[in-house]
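Peer 1: prediction below, plus the sequence it came from.
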Amino acid sequence: MKVVFESRHGFLYDVLRYHLGWVDEQGQPRSAPAPLNLQPALALASCDALGGDFHRALPSAASVELIYNFTLVHGDVQARRAEPGDRPSIWWVWGPAQAINAGDGLHSLGRTTIMRLAENGVPADRVLEAVKSLDQACLTLCEGQYMDLEFQDQMMVTTASYMDMIGRKAGALASCAASSGALTAGAGEDVCRQFAQLGKNLGMAWQIARDIDDLWGEHGDGMTPSNVLNKKKSLPLVHTLENASVSVKRELGSIYMKRVLEAPDVAKMVEILGDTGARQASQAKAQELVDQALDDLTGVSTKGMENLTIMGRWAVEGGR
């Protein structure tokens, strides 16, 4: 990642370094390490699981990490999240216009970075296939984000519609990561297709786990309701609206019909979802996705399967 930035200077790149957690608002280095995300790790693990040298897949890993961060920057603007993590978001510090510009810059860097596979000895036709996969993933995740935003204005969203949405929004980039790792390892078309499905399933499981965390918090205390305040439709809520009693549906509906949700509304919603077993049902769905993907793999060594199983467990835990 830092090699990609080493020759790039100026305000835009200072802002991007800030977003990535490398420097503070004044451009001074930060001591806190940047978080490791599921998608880039999946690119490396997939290459390694198929007997490839994971170092050759570093451009793919860096590329999907940059693209993932592009979605975060734009997502913060869309959701008006002022402080999504341990520091203020770009739009809160420098304004939404510069945040959009910064997100576009991350997208462009992601695309040029995956082309560095050629410098690692990956054949040109495989580099081209990886670039094509990345472009398609970007388009698909934008489709998923459109659906996610559209769902905010709908009271009823089916489980099938939700799964379709996260398959695009979260599954597409993870699918690209895994298939690019397989491409780098020299895998054939069928194996690359299996790894693309593996990545999609793990990405969807990861999104479900993050939905759960956003409702109940990492410690089960319900302290992270940012997306709920924006009326985001997560799987626990969708599951409850489909399967709960009429009285429970009415109670949730009365909350969601409010123009603006407040903290007590969120607390009541989390309580209702807890009483209906929505958390356990959602966790089971995430595990089902991972199990299905791992069961369908072929041509993977025992050690490689062990490592991919760890990746699956990581996805079910929300990539923490």
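Peer 2: That came through, no problem. Residues are numbered from 1 along each chain as shown.
Peer 1: next, the buried residues of stretch 90-107.
Peer 2: 90-92, 94, 96, 98-99, 101-103, 105-107 (16 or more other C-beta atoms under 10 Å). In this view, the C-beta of every residue, glycine as well, is placed from N, C-alpha and C.
Peer 1: quick check, nearest of those to residue 270?
Peer 2: Among those, residue 92 lies closest to residue 270 (C-beta to C-beta), at 26.0 Å.
Peer 1: nearest residue to the closest one in space, please, no chain neighbours.
Peer 2: For residue 92, ignoring the flanking residues on the chain, the nearest one in space by C-beta to C-beta, 6 or more residues apart in numbering is residue 82 at 4.4 Å.
Peer 1: immediately after the lowest-mean-pLDDT helix or strand in the chain, which helix or strand?
Peer 2: Scoring the helices and strands of the chain by mean pLDDT, DSSP states H and E places helix 226-229 at the bottom, with a mean of 58. Elements were assigned by DSSP states H and E; along the chain past helix 226-229, the next helix or strand is helix 235-243.
Peer 1: now for that next one, which elements pack on it?
Peer 2: In terms of contacts (3 or more C-beta pairs under 8 Å, 6 or more residues apart in numbering; DSSP states H and E), helix 235-243 is packed against helix 159-169, helix 189-216, helix 246-256, helix 263-275, helix 278-295.
Peer 1: quick one: closest of these to residue 43.
Peer 2: Nearest of these (C-beta to C-beta): helix 189-216, 8.6 Å.
Peer 1: and the closest one, which residues are buried?
Peer 2: 191-192, 194-216.
Peer 1: let's see the pLDDT reported for residue 318.
Peer 2: Here, the pLDDT recorded for residue 318 equals 73.
Peer 1: next one: it from residue 89, what distance?
Peer 2: 20 Å (C-beta to C-beta, to the nearest Å).
Peer 1: report how many residues lie close to the residue lying closest to residue 68 once chain neighbours are set aside.
Peer 2: Closest residue to residue 68 apart from its sequence neighbours, by C-beta to C-beta, 6+ apart: residue 39 at 5.4 Å. Using other C-beta atoms under 10 Å, residue 39 has 26 other residues around it.
Peer 1: which helix or strand lies directly C-terminal to the helix or strand harbouring residue 39?
Peer 2: Per DSSP H and E, residue 39 falls inside helix 38-49. Helices and strands here follow DSSP H and E; after helix 38-49, the next one along the chain is helix 58-79.
Peer 1: go through that following helix and flag the buried ones.
Peer 2: 58-77, 79.
Peer 1: same check, this time on stretch 126-139
Peer 2: So for stretch 126-139, counting by 16+ other C-beta under 10 Å, buried means 126, 127, 129, 130, 131, 133, 134, 137, 138.
Peer 1: let's see which of those residues end up in helices.
Peer 2: 126, 127, 129, 130, 131, 133, 134, 137, 138 (DSSP state H).
Peer 1: the closest residue to the last one other than its chain neighbours and residue 106: what is the separation?
Peer 2: To tie it back to what came earlier, the one meant is residue 138. Leaving aside its chain neighbours, residue 138 sits nearest to residue 67 (6.3 Å; criterion: C-beta to C-beta, 6+ apart). Separation of residue 67 from residue 106 (C-beta to C-beta) stands at 7 Å.
Peer 1: now swap in residue 100 and tell me
Peer 2: 11 Å.
Peer 1: contacting residues for the nearest residue to residue 151 once chain neighbours are set aside?
Peer 2: Leaving aside its sequence neighbours, residue 151 sits nearest to residue 233 (C-beta to C-beta, 6+ apart; 4.3 Å). When the contact criterion is C-beta atoms under 8 Å, 6 or more residues apart in numbering, the partners of residue 233 are 148, 151, 152, 154, 157, 162.
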